[in-house]
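>>> give me a 3D structure for the following:
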Amino acid sequence: MNMKKSPQVEDSASVQNLLEETRQAKGLTRVALALRAGITRQAVHAIETNQYLPTTAVALRLAQALGCRVEDLFRLLPQEEIVEGEWSAASVSMKPSHLNTRVKVAKVGSRFIVRPVAELGEVMNYAVPADGLTLPGSHQSQRPQHPSRKVQVRLLRNRRVIEQEIAVAGCDPSVFLAGDYLRRQKEDCSVVGWTLGSAAAIDALKRGEVHMAGVHVVDAQSGESNLPYLRRHLKGSEYLVITFAVWEEGLLVAPGNPKSIHGVEDLVRPDIGLMNRETGAGARLLLDQQLAAAGITSAVISGYDRIGRSHFQVARTIAEGHADVAVGVRTAANLFGLDFLPLQRARYDFVVPKAHLKDHPGIEALMNILVSRSFRTEIDALGGYDMTETGTVHELRAH
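Numbers count the residues shown, from 1 in each chain. As a prediction, this is how the structure comes out:
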């Protein structure tokens, strides 16, 4: 009998064996198949029960006897790959008791950065496929005492595809649309957008946890967007600042403005409930600047400490009647049918380390998407975006 034990790599556990199902579908007994293939009944039994793998010659005989291809009988299973990564310090939902957590994995430089898919939001949690599952014992502790911990991840997707993903931190949701445009051009390349305020996004970039960060902070003294802030928080000139759009920031209120809110001065009224953004968010900085200019302290504002984590979350809260006002962008007001009281125009820029432009070809492709006519036309249709400066590159040099 021409049989051999499984090789070390290609053992029976790595092969999907469909011999028995195929034989039964053909209405053959083991004896009948053995006679057709010129092997013993015991050999057929051993192969079907994964005691042995057939040699190439035996596999060809079995396929010929059953009138099919060898790959219809024996298929290699995808080999499980495990990588060691680090929990993102920005992750807020990591708990030591969680096992098999669905995660996204980004290769940033030489490191794998891991974050739960659930942190993409309740809708995206069911729309975005996980890159892998955490293995038992990976969760060492919770932040903030240990902001980044080693974690082992069993990959669910091809590692090469994962390494083509672009991790973007920021608060503009159109990054997902840009990612879809990118996939049309580069099938294996995708974008994962993590919703973080401007300060948190820049911190994630500095920690090397994302490839790009979005920021919209207007300097109170000069009125210039982003560059003064970035010069204070990023050292050196190893970054490019690339304009995505100019958008309008202002007060979001219910349709028809039933509380007659006309400016930040109205926020001191006891019948007005605010939905604020987290510390470091561009909207929070704008609110604080406006309050300081009006001589208003945050202590007298109802809801100042009530936090929403994104422009859409605060807009949804107002639309559902759970708050009266928030600082946000016109795009969010348009989406949720809210009234919008403009306060300022701000430039939304992407900050990209120059090194990533060299070592991740997908980033240059994404930049080309942002300036493409088709993408800009669709963004214009969303409303609230001025794309005339899109693609403008600013060198980040200290003054």
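>>> so which helix or strand of the chain has the lowest pLDDT on average?
strand 3-4 (a mean of 43; mean pLDDT, DSSP states H and E).
>>> what's the offset of the next helix or strand after it from the middle of its chain?
Downstream of strand 3-4, the next assigned helix or strand under DSSP states H and E is strand 15-17. Offset of strand 15-17 from its chain centre (CA atoms, centre = their mean, to the nearest Å): 34 Å.
>>> paired strands for strand 15-17, with orientation please.
The strands beside strand 15-17 in its sheet (DSSP bridges) come out as strand 74-76 (antiparallel).
>>> by contact count, what packs against the lengthiest helix in the chain?
Longest helix in the chain by number of residues, with DSSP state H as the criterion: helix 282-294. Secondary-structure packing of helix 282-294 (3 or more CB pairs under 8 Å, 6 or more residues apart in numbering; DSSP states H and E): strand 239-253, strand 276-277, strand 325-329, strand 339-353. Where you see a C-beta, it was placed from the backbone N, CA and C, and this is true even at glycine.
>>> list the helices and strands the next helix or strand after it packs on?
Tracing the chain C-terminally past helix 282-294 and defining elements by DSSP H and E, one meets strand 307-308 next. With contacts taken as 3+ CB pairs under 8 Å, 6+ apart, strand 307-308 sits against strand 276-277.
>>> just checking: what are the partner strands of the strand it packs on?
Sheet pairing of strand 276-277 (DSSP bridges) gives strand 307-308 (parallel).
>>> just checking, what packs against the helix or strand following the partner strand?
Beyond strand 307-308 on the C-terminal side, the first helix or strand identified by DSSP H and E is helix 311-319. Using 3+ CB pairs under 8 Å, 6+ apart as the contact criterion, the elements in contact with helix 311-319 are strand 239-253, strand 325-329, helix 330-336.
>>> mean pLDDT added to the ones you listed, as TSV?
TSV is the format used below for the helices and strands packed on helix 311-319 (pLDDT from 0 to 100):
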stretch	mean pLDDT
strand 239-253	95
strand 325-329	96
helix 330-336	94
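>>> out of those, which one sits most buried?
Of all the helices and strands packed on helix 311-319, strand 325-329 carries the top mean neighbour count, a mean of 28, counting by mean count of other CB atoms under 10 Å.
>>> got the angle for that one vs strand 239-253?
Counting by axes from the mean of the first three to the mean of the last three CA atoms, to 10 degrees, strand 325-329 points 140 degrees away from the direction of strand 239-253.
>>> touching strand 325-329 from outside, list them.
For strand 325-329, the external contacting residues (CB atoms under 8 Å, 6 or more residues apart in numbering) are 247-253, 259, 261, 266-267, 272-277, 283-284, 286-287, 308, 311, 314-315, 317-318, 343, 384.
>>> low-confidence regions, the stretch 1-150 of the chain specifically.
Residue ranges of the stretch 1-150 of the chain with pLDDT under 70: 1-13, 78-79, 91-99, 137-148.
>>> if we go to 50?
Low-confidence regions of the stretch 1-150 of the chain, defined by pLDDT under 50, span residues 1-10, 96-97, 141-144, 146-148.
>>> returning to that earlier point: only C-alpha atoms, please: export the longest helix of the chain in PDB.
Once side chains and other backbone atoms are set aside, the C-alpha atoms of helix 282-294 remain, and they are given as PDB (Å, rounded to 0.1, in the frame of the first residue of the first chain):
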ATOM      1  CA  GLY A 282     -11.600  71.100  18.300                       C
ATOM      2  CA  ALA A 283     -15.200  71.800  19.100                       C
ATOM      3  CA  ARG A 284     -14.500  71.900  22.800                       C
ATOM      4  CA  LEU A 285     -11.600  74.300  22.200                       C
ATOM      5  CA  LEU A 286     -13.900  76.600  20.200                       C
ATOM      6  CA  LEU A 287     -16.500  76.600  22.900                       C
ATOM      7  CA  ASP A 288     -14.000  77.500  25.500                       C
ATOM      8  CA  GLN A 289     -12.600  80.300  23.400                       C
ATOM      9  CA  GLN A 290     -16.100  81.700  22.800                       C
ATOM     10  CA  LEU A 291     -17.000  81.400  26.500                       C
ATOM     11  CA  ALA A 292     -13.700  83.200  27.600                       C
ATOM     12  CA  ALA A 293     -14.400  86.000  25.100                       C
ATOM     13  CA  ALA A 294     -17.900  86.400  26.500                       C
END
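>>> buried sites along that helix?
By neighbour count, and taking 16 or more other CB atoms under 10 Å as the criterion, the buried residues in helix 282-294 are 282, 283, 284, 285, 286, 287, 288, 289, 290, 291.
>>> repeat for stretch 61-72
Residues of stretch 61-72 classed as buried: 61, 62, 63, 65, 66 (neighbour count, 16+ other CB under 10 Å).
>>> residue 31: which of those residues is nearest?
Taking CB to CB as the measure, residue 31 sits nearest to residue 65 out of these, at 12.3 Å.
>>> so what's that closest one up against?
Going by CB under 8 Å, 6+ apart, residue 65 touches 33, 36, 37.
>>> between the residues you listed, which has the most around it?
When neighbours are counted as other CB atoms under 10 Å, the busiest of the contacts of residue 65 turns out to be residue 33, with 24 neighbours.
>>> which element, helix or strand, includes it?
With elements delineated by DSSP H and E, residue 33 resides in helix 30-37, which encompasses its position.
>>> with just CA atoms, put that helix into CSV.
Backbone C-alpha positions of helix 30-37 (Å, rounded to 0.1, in the frame of the first residue of the first chain) are rendered in CSV as follows:
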residue,chain,number,x,y,z
ARG,A,30,-15.3,1.8,0.7
VAL,A,31,-14.8,-1.6,-0.9
ALA,A,32,-16.0,-0.4,-4.2
LEU,A,33,-13.9,2.7,-4.1
ALA,A,34,-10.8,0.7,-3.1
LEU,A,35,-11.3,-1.6,-6.0
ARG,A,36,-11.6,1.3,-8.5
ALA,A,37,-8.6,3.1,-7.1
